[in-house]
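Q: Let me see the structure of the following:
(one chain, ligands or ions: 1)
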Amino acid sequence: MKDVREEYHADGLTEATLHDDPLEQARCWVDEAIEAELPLPNAITLATVSANGQPSSRVVLLKGIENQGFTFFTHYDSRKGEEIAANPKVSFTMFWQPFDRQMIVIGEAQKVDQEESDSYFASRPYASQVSAAISPQSRPASREWLEAEVSRLEQEFPSAPVPRPEQWGGYRIIPTEIQFWHGRPSRLHDRFRYVKQGDGCWQRERLAP
Ligand SMILES: Cc1cc2nc3c(=O)[nH]c(=O)nc-3n(C[C@H](O)[C@H](O)[C@H](O)COP(=O)(O)O)c2cc1C
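A: Numbers count the residues shown, from 1 in each chain. So this is what the prediction gives:
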C-alpha cells in the first residue's frame, strides 16, 4: 500500500464556482455523479457514536437532499438507530473517485415523519419491502431463519404493498458543517468548509489540505 500513489489532475474549486448554499453545492455534486453514471453515486459512509463514545460506521444510500438536510432510510432499532437515539450527532463522507471529490457532512440526525417513511417504503420493490420487514437488523440471525421469515411474509403478503414496519424509516441529517474537497496536483488540494452560524447563515472558508 505504501507504493500506491494517485496523482490528481482536477481543475479544482474556487470561491467563484461554489454555491453560497452548501446544500445546493452538495446537490450539484451528487447530480453530477449520477449523470456521469458513477457506481453508487449516492453512497455515504455514515458514522455514529455510542453512548460511551465509541464511533462506528457503515455505508447507506442517500435518498434525498431537501428540507435543509440529507435523507436516508434504515431500521430504527439497528446499531446505528440505537446510537442515534442516544446521541443524534453524526457525520458522513462521500467519495467520488473519478472526480477526485470528497464531501464531509457533520450534523444531527432526526427521524422523518411517518408519512415520508410510508411513501418511500411503498416505492421500494416488493422483495426489498419483504426483506426490510422481516430483518431484525444488526441482531444475530441464521440464513435459514431469515429465509423462513421471507417465505412466511411472502405467504402473508403475496404482492406489494407490504406494511411498513414501525421500526423502519428515514432519518434526515441536518448539517452544521459541510466540507468540499477536490484533489489537485502535488497534494495541494482544495478544501472549503461551510459552518452554520447562529443566525442560520453559512460562513465559508478555505482550509489547508
Ligand atoms: C452499498 C450499500 C448500501 C447500503 N444501503 C443501506 C441503506 O440505505 N440502509 C441501511 O439500513 N443499510 C444499508 N446498507 C447496509 C449497511 O451498511 C449496514 O450493514 C446496516 O445498515 C446495518 O448497520 P448497523 O448495524 O451499523 O446499524 C448498505 C450497504 C452497502 C454496502
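
Q: quick one: Leu23 from Lys2, how far?
A: Applying Cβ to Cβ, to the nearest Å, one obtains 38 Å for the distance of Leu23 from Lys2. In short, each C-beta sits where N, CA and C put it, glycine included.

Q: of those two, who's got more company?
A: With neighbours defined as other Cβ atoms under 10 Å, Leu23 and Lys2 compare such that Leu23 has more, 19 against 4.

Q: Low-confidence stretches in this structure?
A: When residues are selected by pLDDT under 70, those of the chain lie in 10.

Q: Can you tell me which residues in the chain are near the ligand?
A: 40, 43, 56, 58-61, 72-74, 78-80, 137-138 (Cβ under 6 Å from any ligand atom).

Q: Give me the packing partners of the helix or strand encompassing Glu32, helices and strands only.
A: Following DSSP states H and E, the helix or strand that holds Glu32 is helix 22-35. Of the remaining helices and strands, those touching helix 22-35 by 3 or more Cβ pairs under 8 Å, 6 or more residues apart in numbering; DSSP states H and E are strand 55-66, strand 89-96, strand 101-111, strand 168-182.

Q: Quick check: buried residues in the very next helix or strand once past that helix?
A: With elements assigned by DSSP H and E, the helix or strand that comes after helix 22-35 is strand 43-49. By neighbour count, with 16 or more other Cβ atoms under 10 Å as the criterion, the buried positions of strand 43-49 are 43-44, 46-49.

Q: I'd like the helices and strands packed on helix 22-35 laid out as a markdown table, including mean neighbour count.
A: Formatted as a markdown table, the entries for the helices and strands packed on helix 22-35 read as follows, by neighbours: other Cβ atoms under 10 Å:
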| stretch | mean neighbour count |
| --- | --- |
| strand 55-66 | 15 |
| strand 89-96 | 19 |
| strand 101-111 | 19 |
| strand 168-182 | 20 |
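
Q: Tell me which of these lies nearest to Leu188.
A: Nearest to Leu188 among those is strand 168-182 (10.7 Å), distances taken as Cβ to Cβ.

Q: so what secondary structure elements neighbour that closest one?
A: Using 3+ Cβ pairs under 8 Å, 6+ apart: strand 168-182 touches helix 22-35, strand 69-75, strand 101-111, helix 114-123, strand 190-196.

Q: Pull out the buried positions in stretch 133-145.
A: Taking 16+ other Cβ under 10 Å as the neighbour-count basis, stretch 133-145 is seen to contain the buried residues 133-135, 137.

Q: I should have written stretch 68-77 there, sorry.
A: Buried positions in stretch 68-77, judged by neighbour count with 16+ other Cβ under 10 Å: 69-77.
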